[in-house]
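> just the structure for this:
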Amino acid sequence: MPRKEMRCLLFSSKVSTSPSPSPSPTPSPSVSHFPLPSRFGLPPSRPSFSESVMNRTLEMAEPIIMKWNPETTTFAKVTSLFYGNRNEAIDFIQWVKNLQNAMQLFITGNSSSEKIVRAQNLMQIAMKRLQKEFYQILSMNRAHLDPESVSTRSSRTSIQSSISVYDEEDDDDIKIVNESMTEVEDGSSIAMADLKLIADFMISCGYAKECLKIYTVIRKSIVDEGIFKLGVEKFSASQIHKMDWNALESRINNWLNAVITAVKTLFNGEKILCDHVFASSDSIRESCFNEITKEGAMILFGFPENVAKNSKKSSDKVYRILEMYTGISDRWPEIDSIFSFSSTAIIKSQALTSLVRLGEYVRTALYVFESDIVKDTSKSLVAGAGIHNLTIDVMNYLSVLSDYSNILSDILADSPPPANNSALESYLGFTDSVESPAPPVTRHMAQLILVLLCKLDVKAKYYKDVSLSYLFLANNLQYVVVKVRTSNMKYLLGDDWLSKHDSMVQQFAASYERLGWSLVTSSLPEDPTALHTREQVKEIFKKFNSLFDQVYRKQSVCVVLDKKLRDDIKVRLARKIFRGYRAFYNAHGVSMQRERNSTSVVRFAPEDVGHRLSDLFFASNNTM
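Predicted coordinates for the structure are as follows:
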């Protein structure tokens, strides 16, 4: 302690919150007011400066400390120093600090002095008092010190500077603390400031272990309780393995909600509070935070790994797995910041391990999904050559999967690229090169669609009528193209892929028109207005009537569920059939109507043909 302070302490007559010392008794008249000579004829030795400081400090500090000794007075047992007169609490700590400084000054050469023993006893009493106050503040302010309040308070204002009271270069800090506390707006800030005030002093006095024990017991219970209330439980591998999907999905939903709150509020709030209270010691702050959060954090971040390792790999569960992956990866910057201590590296390691296991689950599930497509052996025909359930299921699956394209890019980034194969690239529908390779997620998505299209090509061969095979392919590929164009797959596969497969749809549709309606179109002359004999005209009308009626009945069961594709096919059929028949009818129909039994020759007016063509490809039992 600086000598200037010691002099102030030595000649101070009173302390603002402590009673004035009792006046010394009046000396007896028989006693001289002057020093008596010693037996050697020398005046008695005067007390040293350090001894004078110790005497004065003991005289002033003892009544203040003993007043709050919980073992000697009922008042001290039931009353809180920090919830009473705040000035008295600050003075209590200041006098204990003065006592510590006086001991440090006095102890050289006097380690066994009665005064040192007396001072040490007072220090122990004071530390017990501060331990009690520390515990009371933590336990009585659970609402004010809940992680949400702490993190919210921290985002509004910083109170770090106003509670740094033990800077040895500025002994007026205690006054600043006293003044700053009057400006604090809420209970959490007051409690945080009091905790730091006590912690700083107990650590400086060598009582860090006692302070840390109290803090970790209370705050760990809050973290553990918070994890439990968020619905996160610790399960063994066998429990996860035996759990049915509905029960497991319920736990996953709890976890997805919990991880947001736990990272943003629970762990973040505890980190803020711990950093604040133990700002004076990096090692204590690290040890404390690790002790408080490790168990809860390991349960939280260990759950995804447990699910990924011990639940059945299934493609229909992959969305939940991707959401869990997102739950960690989206919050990784916060996790990395909160658990930045070396002692908490195991927590970050657990979170990363869960990401790895979840990624492995997703990759396996995608391979299972592809295998399921290949293994589909259904030979049932879709009525009207419509859209197969396999097409609907696969494309709906991929459409949702594409919403996780960013996550899939991370998961599939380490997948080995397939060997360069120009034929494969052509089938996949996009250009790939060594200089500009397609992203793994793009290749994987295109590969899955290619597997589907190959399987559809096999199923198309089950139709005995070849024209229906092509209509089946046109319908199903159009469904694929629409799903790609209206989902995030559009950005993965690109315009070239869409253009290529649009062209394929048109080719399939053209093949259907050619094979399904060629008999009708060939029944009409290339030049409908050319001169023909009466018998030739009659024969053309009869042949058209028969073939149109026959083909129409056959094709009327067909469906084209996509409106654009349906309209395109109708327009082309109308161009080939309706226009040709109308021209022939206008050129020869009037003369045929003069014939006897003309209705058996000219059965269809152009409008009848147009109406029938317009009514094609609708089906009420199929929807897109």
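> going by C-alpha atoms from here, please, whenever you check contacts or count neighbours.
OK.
> how about the strands in the protein?
Counting by DSSP state E, the chain forms no strands at all.
> for it, which helix is longest?
For the chain, the longest helix by residue count, based on DSSP state H, is helix 489-522.
> elements contacting that one?
helix 440-460, helix 466-485, helix 534-555, helix 563-573 (3 or more CA pairs under 8 Å, 6 or more residues apart in numbering; DSSP states H and E).
> lowest mean pLDDT across these, which one is that?
Mean pLDDT values for the helices and strands packed on helix 489-522 show the minimum at helix 534-555, a mean of 90.
> mind listing what's buried in that one?
Buried residues in helix 534-555, counting neighbours by 16 or more other CA atoms under 10 Å, are found at 537-538, 540-545, 547-549, 552, 555.
> for that helix, packing partners?
Looks like helix 534-555 contacts helix 489-522, helix 598-601 (3+ CA pairs under 8 Å, 6+ apart).
> mind listing what's buried along the longest one?
Neighbour counts over helix 489-522 (16+ other CA under 10 Å) mark 489-490, 492-493, 497-498, 500-502, 504-506, 508-513, 516-517, 519-521 as buried.
> ok now stretch 460-479, how far from the chain's centre?
Distance, stretch centre to chain centre, for stretch 460-479: 44 Å (CA atoms, centre = their mean, to the nearest Å).
> for it, give me every contacting residue.
Stretch 460-479 has contacts (CA atoms under 8 Å, 6 or more residues apart in numbering) with 379, 381, 384-388, 391-392, 453, 456-457, 501-502, 504-506, 508-509, 511-516, 558, 560-562, 565, 624.
> repeat the analysis, applying 7 Å as the threshold.
Stretch 460-479 has contacts (CA atoms under 7 Å, 6 or more residues apart in numbering) with 379, 385-388, 391, 505, 508-509, 511-512, 515-516, 560.
> flag the least confident of the residues you listed.
Lowest confidence among the contacts of stretch 460-479: Lys379, with 89.
> report how many residues lie close to it.
12 (other CA atoms under 10 Å).
> same check on Val117?
Applying other CA under 10 Å, we find 13 residues neighbouring Val117.
> before we move on, what about Ile260?
15.
> for Asp465, same thing?
12.
> likewise Phe618?
19.
> so it makes contact with Asp562?
No: the criterion here is CA atoms under 7 Å, and Phe618 misses it with Asp562 at 10.0 Å.
> and stretch 315-326, how far from the chain's centre?
12 Å.
> with stretch 570-588 instead?
62 Å.
> buried stuff in that stretch?
Under the neighbour-count criterion of 16+ other CA under 10 Å, stretch 570-588 has 570, 573-574, 576-582, 584-585, 588 buried.
> among these, which are in helices?
570, 573, 579-582, 584-585, 588.
> which residues touch Leu99?
Thr57.
> quick one, domains of this protein?
Using automatic domain parsing, the domain parsing of the chain gives 3-14+48-215, 222-372, 385-498, 523-614.
> quick one: end-to-end length of stretch 262-270, please.
10 Å (CA to CA, to the nearest Å).
> any low-confidence regions in the chain?
1-47, 50-51, 74-78, 84-85, 107-112, 151-186, 415-436, 593-599, 619-624 (pLDDT under 70).
> work out which residue lies at the spatial centre of it.
Nearest to the mean C-alpha position of the chain, by CA atoms, centre = their mean, lies Gly327 at 2.6 Å.
> that residue is in contact with Leu256, isn't it?
Yes: using CA under 7 Å, Gly327 is in contact with Leu256, at 6.4 Å.
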